[in-house]
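Participant: Take a look and give me a structure for this.
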Amino acid sequence: MVTDGLDTNSSVAGVQHVPTRYHPDNAMQEEQIDRVSVESMSSEFPLSLPVPMPSPTEAQPSQLVMPGNDDVDPRLENDPDAPEVTSVLSGEASPLSTEATLQAASTLAVGGNGSTANIDSRLPIRQSLGLYGCFIIFGGSVLTLIDVAFLIFLWAGEGPAGGQEATAFWRLIMLRDGATRAVTLSSLVLRSVIAAQATVCTSLVAALLVERRQVRVSQVAQMSITRSVNSGPQQLIQEIICSRSVSMIFSLEAILLMILGLGSLGIQFTSTILLPDFNSTILVQDSETIRHNVALSPITENNVSDIFSTSWPTLQGSNALFGELDSQNMAEPNERGVSHDGPRLRAFLPFEREKRTRIRSYKGAAFTLKTEVSCQRPSIDASVKAHPWSLNVPYASMAGNISYNQTFEDAGIDYPASCYGDNYITLCFPTGFNCTIPSQRDGISAGWATAMCRLEAIGMTRGEADIDYWQITDDLYLPASMIFLTFATNADISSYDANDTQGKLGAPTAYGEWNSYELYPGAFLNVSLCFALLNTTISEVEMGSDTTLTEPEFKWSQNFNTPSLDVLQDFMGADSVHKSAEERGILSIRNVQHPVSHTSAFAAEVNASAAWDDVSFSEWASWHGPSAAIWAWANNNESLVLCTACQMRGFTALKDGAALFQRVVNSSGRVAVAIDTYMARMVQNFYYLMLPLFDVPGDVEVVFSTEARVPRQWGGLIAVLVMVAVDLACVWALTLLYARNARYTRQGDFWHAVSQLVADPTQTALMRSDELKDGEVAETLKGKDTLVTIGRSAKTGRVEVLEAGK
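Facilitator: Reported below is the predicted structural model:
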């Protein structure tokens, strides 16, 4: 059926559509339609407005694209999600759709001046944002959160105890020194994601500005194309500011874009911000079993003997770490004046310094040293004598006899046998003695002068043979023990010589483990009788520490109060206050087994017979050196000089060892602790002189620590987290604004952005700008740079640039 030139039979899905044409010369255009709304109509009351048909030769500036029209957009024709458009134009009649169709359609409000509003339904998010945009916004947000969670994990994953309780993944990263690389890669991910999101959001803001706001004709081309392609927020922000439009500059989307731009700029420096949070620290590595030389074989005997005959251990330099079993013994004298120190068990590490300072746990064969010292007040009958010296400097000696029976009775100790021996040798207590004693010259140094005189057991006929017995008995009060008379005095022998050249000692005054004799007014000689055991063995030892350990440096100087002396005294546990192994900075022995199991302590290639020989020789070697050193000054009735600035004839110890001994006696008063410390340091130093000769392998389980760079501060991470949170908030706010308000933008697509620019307001600029720069185009539009927006035109039915307010 054809009425007035209109085909009324054309329909799609039961809805009749009338091909609609518009011409400016059509007389019917003068008719005014105040407002026609599809929503106000019913399918029961169709409305038909007569429209004169233009002649075929007249120009047709535009055609309304409608479902069922031959000029329908092919994308909408095949797109099930495309909105259905129903329009009523002045001068034209259009049959109305059904009610269901009307509910899905948009409402078009047409004013008498032909203006239009954004009335189309929102596009599905997949179309308006595009697959790429959805991936960047949604997928990028998830990836950003994962990346941020990973950074928080790096910062917070260490936990206590140097990362020992951390997860395996955290330890893997840190122990391989991969933390900084992980931060760099994470920063790269953040920078890439935030930059991509900022680019997409720039398109969204451009869409909101051209659809919701009013922009200049000179700006609409850039903003329309920005919806499809851009290099980030900077250029659009610049364009917004240059617009000098208060409403645009202070619009919500513009403010969010500016914040996002600043945030994305800051995110570019993520690595620079995060890396200052890193500091070097010590981390505990995983446990490992290594094969290491732990003992000596008999073939090294000649080399060991050379060390004993040519080397004298010094205490200066680095003090090697060791392990100790806490005995809780403070050597405080009891009411009978017995000061008992020990037994103390120490174990030495078969490593050089670099590995010793990194050790956290050790389990395997190791040399152990067991020491025990007891000092008490001696019952003696003796005299002190002053002697002239070749340099006119006198020295003093003390000679007499010791009553062991009375000494043990006064100390409350069960009197042991006076002699001890076997089929090879018999040793008895030495009753007589003649020892040189120190003299403290006034003003030379602070503290009392100290010395130690070793008493030879009766029956010693084979040189050093009696040291064998130190290894086979645990009875401290036997002749096989080392027996010392120890001295501490503040007397100047020159003053003593002026008053009495030789005098019998009077009645002593009990002072702890000392008998104190007054030589002249204000000058005293303190004497104590000490018994000591020194046993060296190879044991199965488990020891470790929960803290980072260091080896203190000891450098002796003439100054008695040199700080390093105090450090060494504390390190050796020779202080007057009991301290744990952790407080002293050494390893704590947790378990020890002796005799050592040859099958478990040594490598498989060492058979049981050879292992037994190795253990025997190693144990002999480890105590032979220090024992020989002690024996060396046990002749000619001369004492070991253990003071740094005193006057005495005797065997001179190294000044560092003498300083340590004197320091312990003067600071704590406990001579038993001083003897124990001196012997332990000698054994330890001889041990490390022999360490390069070790040639018997064993399997030991060790845990080392290593230095690594880990995050120790939180300032940088917090700054990054704040920037990321702000960026994500801006991204999601802009995405929601876009989803709710944009109607005519398909982010990332090009043709629609270009096509929508083809309209009357932009016709002049488009025709003249084929070879002009943007600035030159803006110049040509001066005075005609009107405000425009993008919407669906009531005249053409197209989405195009529209003049604002018309």
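Participant: Every contact and neighbour count from this point should use C-alpha atoms.
Facilitator: Noted.
Participant: what's next to stretch 218-237, contact-wise?
Facilitator: Stretch 218-237 is touched from outside by 195, 198-204, 206-207, 209-210, 239, 254, 257-258, 261, 745-750, 753-754, 757, 774, 777-778, 781, 785, 788-789, with contacts defined as C-alpha atoms under 8 Å, 6 or more residues apart in numbering.
Participant: Now it: buried residues?
Facilitator: By neighbour count on 16 or more other C-alpha atoms under 10 Å, the buried set for stretch 218-237 is 218-230, 232-234, 236-237.
Participant: What distance separates the opening and closing residues of that stretch?
Facilitator: When the termini of stretch 218-237 are compared using C-alpha to C-alpha, to the nearest Å, they are 16 Å apart.
Participant: pLDDT (mean, whole number) over that stretch?
Facilitator: When pLDDT is averaged along stretch 218-237, the result is 91.
Participant: Stretch 167-181 now?
Facilitator: 90.
Participant: And the contacts of that stretch?
Facilitator: 153-154, 157-158, 163, 182, 275, 283, 285, 706, 708-710.
Participant: which residues in the stretch 651-800 of the chain form helices?
Facilitator: Along the stretch 651-800 of the chain, counting by DSSP state H, counting those that start in this stretch, helices occupy 655-668, 671-690, 715-741, 751-755, 760-768, 774-780.
Participant: Which among those helices is found nearest to residue 325?
Facilitator: Of all the helices of the stretch 651-800 of the chain, helix 671-690 sits nearest to residue 325, with 13.8 Å by C-alpha to C-alpha.
Participant: quick one: residue 130 and residue 717, what's the gap?
Facilitator: 33 Å.
Participant: follow-up on the earlier one: as a markdown table, the helices of the stretch 651-800 of the chain with mean neighbour count, distance to residue 796 and mean pLDDT would be great.
Facilitator: Formatted as a markdown table, the helices of the stretch 651-800 of the chain follow (neighbours: other C-alpha atoms under 10 Å; distance: least, C-alpha to C-alpha, whole Å; pLDDT from 0 to 100):
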| stretch | mean neighbour count | distance to residue 796 | mean pLDDT |
| --- | --- | --- | --- |
| helix 655-668 | 22 | 105 | 87 |
| helix 671-690 | 22 | 99 | 89 |
| helix 715-741 | 18 | 22 | 95 |
| helix 751-755 | 17 | 13 | 92 |
| helix 760-768 | 15 | 11 | 87 |
| helix 774-780 | 14 | 26 | 85 |
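Participant: mind giving me a markdown table with these and columns for distance to residue 639?
Facilitator: Output for those, formatted as a markdown table (distance: least, C-alpha to C-alpha, whole Å):
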| stretch | distance to residue 639 |
| --- | --- |
| helix 655-668 | 13 |
| helix 671-690 | 14 |
| helix 715-741 | 63 |
| helix 751-755 | 105 |
| helix 760-768 | 113 |
| helix 774-780 | 104 |
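Participant: Point out the one among these that comes closest to residue 624.
Facilitator: The closest of those to residue 624 is helix 671-690. By C-alpha to C-alpha, the value is 9.1 Å.
Participant: Can I get the closest one in PDB, CA atoms only?
Facilitator: Written as PDB, here are the backbone C-alpha positions of helix 671-690 (Å, rounded to 0.1, in the frame of the first residue of the first chain):
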ATOM      1  CA  VAL A 671      91.500 -17.200  90.300                       C
ATOM      2  CA  ALA A 672      89.900 -20.500  89.300                       C
ATOM      3  CA  VAL A 673      88.100 -18.700  86.400                       C
ATOM      4  CA  ALA A 674      91.300 -17.000  85.400                       C
ATOM      5  CA  ILE A 675      93.200 -20.400  85.200                       C
ATOM      6  CA  ASP A 676      90.300 -22.000  83.300                       C
ATOM      7  CA  THR A 677      90.200 -19.100  80.800                       C
ATOM      8  CA  TYR A 678      93.900 -19.100  80.300                       C
ATOM      9  CA  MET A 679      94.100 -22.900  79.600                       C
ATOM     10  CA  ALA A 680      91.100 -22.800  77.300                       C
ATOM     11  CA  ARG A 681      92.500 -20.000  75.200                       C
ATOM     12  CA  MET A 682      95.800 -21.800  74.900                       C
ATOM     13  CA  VAL A 683      94.100 -25.000  73.700                       C
ATOM     14  CA  GLN A 684      91.900 -23.200  71.300                       C
ATOM     15  CA  ASN A 685      94.800 -21.300  69.700                       C
ATOM     16  CA  PHE A 686      96.900 -24.500  69.300                       C
ATOM     17  CA  TYR A 687      93.800 -26.100  67.800                       C
ATOM     18  CA  TYR A 688      93.600 -23.500  65.000                       C
ATOM     19  CA  LEU A 689      97.300 -23.700  64.400                       C
ATOM     20  CA  MET A 690      96.800 -27.400  63.700                       C
END
